[in-house]
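coordinates for the following, if possible.
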Amino acid sequence: MSETIEKAAPSKSGDGPGSEHYARLLQGMAHAVAAKGYAETTIADIVREAAVSRRTFYEHFSTKTECLIALYEAASRLALQAVSEAFDPAQPWHAQVEQAMTAYFDYLAQDPVLLRTLFVEILGLGLPGLAVRRRVNDEIANFIQAAINSSGNGDAEGPAVHLTNQMAMTVVGGINELVLQAIEQNRAGDLRELVEPATRLVRAVAAESRR
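Next up is the predicted model:
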């Protein structure tokens with residue numbers, strides 16, 4: 001079981017989110033979708049990859065859509081956690097952007113099976129996929145906005161930064177497009193190369209907010 005999915009469901013007892021079966025179903029979904037794409041993946045594929053029964057699947061999810069959304073939300077929470085842990089609000093934000101971006105791209109790169117699910121397959125759900133993607137992007141944008149606006153600010157770098165939510169969402173959208181481009185070009189193993197352009201993007205948008 002991948003470390004990413006284990007972290008998404010750390011508890012090994014019970015039947016709900018956090019249980020071993022729940023984690024195995026998320027893992028099974030990730031592998032099935034990576035192998036066949038979401039449209040061609042069946043519940044039979046998921047339970048086979050997870051080594052659980054169909055009954056166990058329905059104890060946790062009503063549809064394969066619910067399972068994919070749960071996987072997306074769990075993995076996205078861990079991505080945000082990786083960035084959050086790399087960011088110290090007591091320090092100037094501009095000195096920490098690169099390490100935060102490094103933590104984010106390292107998290108994505110550690111599980112190639114999940115990468116395509118997070119950035120491509122979720123869109124195959126149509127409106128439900130767009131809705132959950134929007135919620136996750138909002139959470140990330142809110143974090144970026146709060147982290148930059150509340151960290152060491154207004155020092156020798158110039159006037160204090162006041163990043164709006166729209167500007168933070170611009171950053172999220174730009175970073176997502178960089179990742180999608182890497183996936184399309186089969187460069188998923190080179191995500192570290194995105195640290196520099198992503199860092200420049202954050203700094204440029206933040207600098208604009210000083211005007």
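
identify the residue nearest the geometric centre of this protein.
Centroid check for the chain by C-alpha atoms, centre = their mean gives Ser76 as the closest residue, at 3.2 Å.

let me see the contact set for it.
Ser76 is in contact with Leu118, Val136, Glu139, Ile140, counting by C-beta atoms under 8 Å, 6 or more residues apart in numbering. Heads up, the C-betas are built off the backbone N, CA and C, glycines and all.

which residues are in contact with the residue lying closest to the third one once chain neighbours are set aside?
Spatially, and ignoring its direct neighbours in sequence, Glu139 is nearest to Leu80 (6.3 Å; C-beta to C-beta, 6 or more residues apart in numbering). By C-beta under 8 Å, 6+ apart, the residues touching Leu80 are Glu139, Ile140, Phe143.

how about the second one, phi and psi?
With angles defined as degrees, to the nearest 10, Ile140 shows backbone torsions of phi -70, psi -40.

out of everything not next to it in sequence, what's closest to it?
Nearest non-adjacent residue to Ile140, counting by C-beta to C-beta, 6+ apart: Val172, 5.2 Å away.

could you check how far the residue nearest to Ala30 when sequence neighbours are not counted is from His31?
Spatial nearest neighbour of Ala30, chain neighbours left out: Val113 (5.0 Å); criterion: C-beta to C-beta, 6+ apart. Note on Val113: its distance to His31, by C-beta to C-beta, to the nearest Å, is 6 Å.

ok, how many other residues are close to the residue nearest to Ala30?
16 (other C-beta atoms under 10 Å).

you'd agree it is in a helix?
Yes. Read with DSSP: H, G, I helix; E, B strand; the rest coil, Val113 is one of the residues of a helix.

you'd agree it is up against Ala32?
No. With contact defined as C-beta atoms under 8 Å, Val113 does not reach Ala32; the gap is 10.0 Å.

how is the chain carved up into domains?
Domain ranges of the chain: 3-60, 70-208, per automatic domain parsing.

centre of the chain to the first one, how far?
In this case it means domain 3-60. 18 Å (C-alpha atoms, centre = their mean, to the nearest Å).

one more: stretch 185-201?
With C-alpha atoms, centre = their mean, you get 15 Å for stretch 185-201.
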